[in-house]
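Engineer: Sequence first, predicted coordinates after that:
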Amino acid sequence: MDFVKISIGDIVEMKKEHPCIHRCKLFEVVRIGADVKLKCQACGHVVMLDREAFNKKLRKIISEK
């Protein structure tokens, strides 16, 4: 399986919004490995997804670092 090329600090848009009060779809990539750690741009909550789930839920890369 091919993985999307991302790096730490990238801002990505996911298909589903984070269920916080702000309903934000934008996340910052905090950590990359077997899992991807994402930080919600609205509330700062950190979410971890495995690489396969991340690739399925990713809509697009907004800004690259």
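Structural biologist: Sure thing, it's come through. Numbers count the residues shown, from 1 in each chain.
Engineer: May I have the beta-bridge partners of residue 46?
Structural biologist: Per DSSP bridges, the residues bridged to residue 46 are residue 39.
Engineer: Pull up the per-residue confidence for residue 43.
Structural biologist: Listed pLDDT for residue 43 reads 94.
Engineer: Count the residues that sit near the closest residue to it other than its chain neighbours.
Structural biologist: Distances taken as Cβ to Cβ, 6 or more residues apart in numbering place residue 20 nearest to residue 43, at 4.1 Å, with adjacent residues excluded. C-betas here are computed from N, CA, C, even on glycine. Using other Cβ atoms under 10 Å, residue 20 has 12 other residues around it.
Engineer: Buried residues, stretch 55-64. List them.
Structural biologist: For stretch 55-64, the neighbour count (16 or more other Cβ atoms under 10 Å) marks residue 58 as buried.
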